[in-house]
Structure formats: C-alpha cells, structure tokens
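# need a structure here:
(chains A and B)
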Number of protein chains: 2
Amino acid sequence: MKTLVIVAHPDYKQSGTQQFLLHQALQMQDSQVTWHLLDNEKSLDVEAEQQLLREHQRIIFQFPLYWYSLPANLRQWQDDVLTRGFAYGTNAVLAGKEFGIVVSLGEPLNEYQAGGREHYTISELLKPLQAMANKLQWQYLKPLVISQFEYMTDSQRLALVTNYQQYLTLNDTSFAGQQQWFIKQLTTRIKHADTEIKKAQLTTIRDQIQDNFDELAELRWTVELIRDEEE
Amino acid sequence: MKTLVIVAHPDYKQSGTQQFLLHQALQMQDSQVTWHLLDNEKSLDVEAEQQLLREHQRIIFQFPLYWYSLPANLRQWQDDVLTRGFAYGTNAVLAGKEFGIVVSLGEPLNEYQAGGREHYTISELLKPLQAMANKLQWQYLKPLVISQFEYMTDSQRLALVTNYQQYLTLNDTSFAGQQQWFIKQLTTRIKHADTEIKKAQLTTIRDQIQDNFDELAELRWTVELIRDEEE
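Residues are numbered from 1 along each chain as shown, chains lettered A, B, ... in the order given. Here you go, the predicted structure:
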C-alpha cells in the first residue's frame, strides 16, 4: 500500500509540529510513503497532483486547524484537483481509496466538546471532509489529532512518533497487525543502521518482539486447547 | 444598522446567482448596505478590511458551497483579517456583531440530510463558521440557503428577492417588524421612482399595506378588549 501525505501549512518552516512529523516520516525510510508539501510559491500542476492521487492508495491531509477548517491552499487544491469526471461522477477513477487526516490544534483537545471553549468536537468540525470522503467514495479513517505539540513531554512525543508512523502505513489495526508492523519497521532500520552496534541493538529488540509474539501465539493456542477439552 | 456583505466566488462573473443577488442589493438603494466583493486579482488590504468590519454591525458571508466549505479566498481572508487582538482575545473590538451566511447550493436542499446524497445537514457542514462566530462573540443568524437557483421558477425568485433583502436589513423579525420593513422599502423606492405613474403605483401599494397594518392593529385591540370582558 502506498501513502500520499499532502501537507498544507500557512507557515510550514516555522511549524515545530510539521518539522517533527517530516523528520519522523523521513526516519521511516519507507519508499511506500510520499511526503508532498503544497508550496504556496509555485502554481499548482493539476496533472501532476492527479497523477499522485492515482498512484497512492491511502491519501492523508495533514494541516493545522485554523478557523476550524482547512488552510486556504488545501481548499483551493480541492477545487482544482478533485474535478468531476476524475474524482467523482461518471468515469471517476478515485473511488475506493483510504482517507486520513492528521490535524494539529493550538488548544487542548478537551476544549473541543459541548461546554468547552471551542464548543464542538473535532468530528463535528471535520464534517466537510467527511462529506468529501463520502462524495469520492473514500473510506474515512479515524483522524490523528495532535493537540498542543509544543507542550508535549518527551514520552508523549515518542508515543506520537509511533502513532504517526502507524497512521501512515499500518493496514491491519489488530494487535497481531501492530506487532508485525513493528517487526517490519525494525527490519528496515536494521538494514539502514550506520554502525554495527546500532544494528546489533535493533536486531536484539526485533528478535525480542518476535519471540514475545511467538510465545503469545503459543499461549493462545494452549488456551484454545483447554477450552476445547472443557466443552 | 449597517450591513457588510462579503462576497466570495471562484467565478463571480459567470455566477447567475451572484449577479442576481447583486442586482437585488443595488435595487434596495440602501446606503446602509455595503456590497464587498473579494477580488482575487488584487492583494488583500488588511487595514481596509478591518475598517469595514468596524463600521458595520451585521456581517454576512455570501458564497457558493464547494467541497462543503468556504471558497479558498474567504478562508484566506479569515486568517489575514480576523487577527488576535483585533477580532478576538484581549482588546478585541469586534464582539457583539451579527453574523449571517448566504450560501448557494448546486444540489437540492433535501439531499442535505441523513439518507440524502450529501448525508449531512447544512447546519452540520457550517459548524466551522458557527465555531468562528462563537470565538468572535458574534450572534449567529439562521443562514439563508439558496438551492439550485438556475432551476427556480419566477415566483420562487420573487420570494428570494424579499427573503434576501430582509436578510440584509431586517432587524425585527416579528410580523409587525416585517410590515414596517416593507413600508420602509417602498418609501425608498417611491423616492427614487423614475416616472410619475410608477410613483403613484408604489404609493398605492404602500398605503394599502399601511391601511391593512392599521386595521390589523385595531382588530387585535378589539380582541384584547373582548378577552378582558370575558375574564
């Protein structure tokens, strides 16, 4: 599965969140992930944008929520790129994709509810994008919401790294699927490790996860066996 | 009360709806209404935009719903004009205004509901603007929704004229308030009528409305009297 991350930010270079996410995406060294920044300086090449959409199965909009909505350049992108006949309507070719949203907030997430300062939930505010996904026949994935990145602790940021990387590439969200994803990620990192020590360390971690996973599978099998005997 | 109509449309000159609404606004010959088109060719003069907001009590966003949202230039306008310290936050000066939306749809309105082609209601899709109104401490007016203007019959368009003009300038939405509004509009038109015949016709209509209104007031007074006697 190939993933296209469409990044829109009015002030991209100054955004700590976006620089952090870019770093994490590059760390993945995953040729299946395309990082695509909408550049306000250049005019949009509609053909190239449409080709990118054709080539990827999971499409992600990544942006900060300003005025409870998309940035203007991503709004314009919708008008220019998602044309009738290409994106929807007769002969449309984009149906069946997955659609994800990585949205960053300047306010705490718990203000986004009835009684909170922002009154409405993120689900309510993102309805226009959900309506777009319906129109395009895209599967709407649960958004990844990043709230007040600048106040996050180191451990929160570490958790974000995993959540973000999984959001870009994870197919199977079951426990087994997540384990397999970790093993795959570590295998890639082992291949690209720049020192032998690092390579050895990563291999140890990966093998440990694999062993745990095997042991769990065995335990599950034993439990099944006991159940069968009891019946 | 002064009203500012901020008009945003990706293809303004080709829009039958917008040309029709502009004509109706001009017909009003009401110096209290400012028609303000966001021009994509010119760069935004933030100072001038903020001054316009200061000078008006009712602010209206008028736009076609594309991708269930505002046009990109109006989205950009929000970021540029509604700045912290001016529009919200400490020392903000814009609180207490009225906020209206005139939105046009390409699809029939009844598709905008659960089970309809567009799935969500207009109230759901406009939540980001309602959240904006909350943030700015503006009173959110019931939106004026114009659905499939090009298929409207003549009588539907006539009704739209009244609804639209009232949406721009009506303060008191009671029956009495609406009557007074009609009388005021007709008085303005009588003043600007270009022939004596037209002037006489309009005067007859206005006097008829005024008479009906007086008669209704008298009837209401009689009903009150009867009620009082019965008690």
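# and the host helix or strand of residue A:216, what's its mean pLDDT?
Taking DSSP states H and E as the definition, residue A:216 sits inside helix A:196-230. In this model, helix A:196-230 has a mean pLDDT of 90.
# buried set for that helix?
Judged by neighbour count (16 or more other Cβ atoms under 10 Å in any protein chain shown), helix A:196-230 contains these buried residues: A:202, A:206, A:213. The way it works is simple: take the backbone N, C-alpha and C, and place the C-beta from them, glycine included.
# and which of these is nearest residue A:138?
residue A:213 (32.2 Å; Cβ to Cβ).
# relative to residue A:206, how far out is that closest one?
Relative to residue A:206, residue A:213 is positioned 10 Å away (Cβ to Cβ, to the nearest Å).
# intersection of neighbour lists for these two?
residue A:183 (Cβ atoms under 8 Å, 6 or more residues apart in numbering or on different chains).
# can you map out the strands along chain A?
Taking DSSP state E as the criterion, chain A contains strands spanning A:3-7, A:33-37, A:58-64, A:98-105, A:139-140, A:144-147.
# which one of these lies closest to residue B:16?
Shortest distance between residue B:16 and these, using Cβ to Cβ, is found for strand A:58-64: 31.9 Å.
# got the residues of chain A near chain B?
By the criterion of Cβ under 8 Å from any Cβ of the partner chain, the positions of chain A lying close to chain B are A:10, A:66-73, A:75-76, A:78-79, A:82, A:118-120, A:124-125, A:127-132, A:134-135.
# please repeat the previous calculation with a cut-off of 6 Å.
Applying Cβ under 6 Å from any Cβ of the partner chain, one finds that chain A approaches chain B through A:66-69, A:72, A:75-76, A:78-79, A:119-120, A:124-125, A:127-128, A:131-132, A:134.
# which among these count as buried?
When these are checked for burial by 16+ other Cβ under 10 Å, the buried set is A:66-69, A:72, A:75-76, A:78, A:119-120, A:124-125, A:127-128, A:131-132, A:134.
# how near is the nearest residue to residue A:116 once chain neighbours are set aside to chain B?
Beyond its immediate neighbours in the sequence, the residue positioned closest to residue A:116 (Cβ to Cβ, 6 or more residues apart in numbering or on different chains) is residue A:110, lying 6.2 Å away. Using Cβ to the nearest Cβ, to the nearest Å, one gets 16 Å for the distance from residue A:110 to chain B.
# what about the nearest residue to residue A:152 once chain neighbours are set aside, how many neighbours?
For residue A:152, the nearest residue in space outside its immediate sequence neighbours is residue A:160; the separation is 7.0 Å by Cβ to Cβ, 6+ apart. Burial measure for residue A:160: 19 neighbouring residues, criterion other Cβ atoms under 10 Å in any protein chain shown.
# how much space is there between residue A:160 and residue A:147?
10 Å.
# residues in contact with residue A:109?
Residue A:109 sits next to residue A:147 when contact means Cβ atoms under 6 Å, 6 or more residues apart in numbering or on different chains.
# tell me the spacing between it and residue A:165.
21 Å.
# just residue A:135 next, same as before
Remark: distance between residue A:135 and residue A:165 (Cβ to Cβ) = 29 Å.
# and if you look at residue A:206?
From residue A:206 to residue A:165 the distance is 16 Å (Cβ to Cβ).
# residues making contact with stretch A:179-195?
A:29, A:170, A:199, A:202-203, A:206, A:209-210, A:213.
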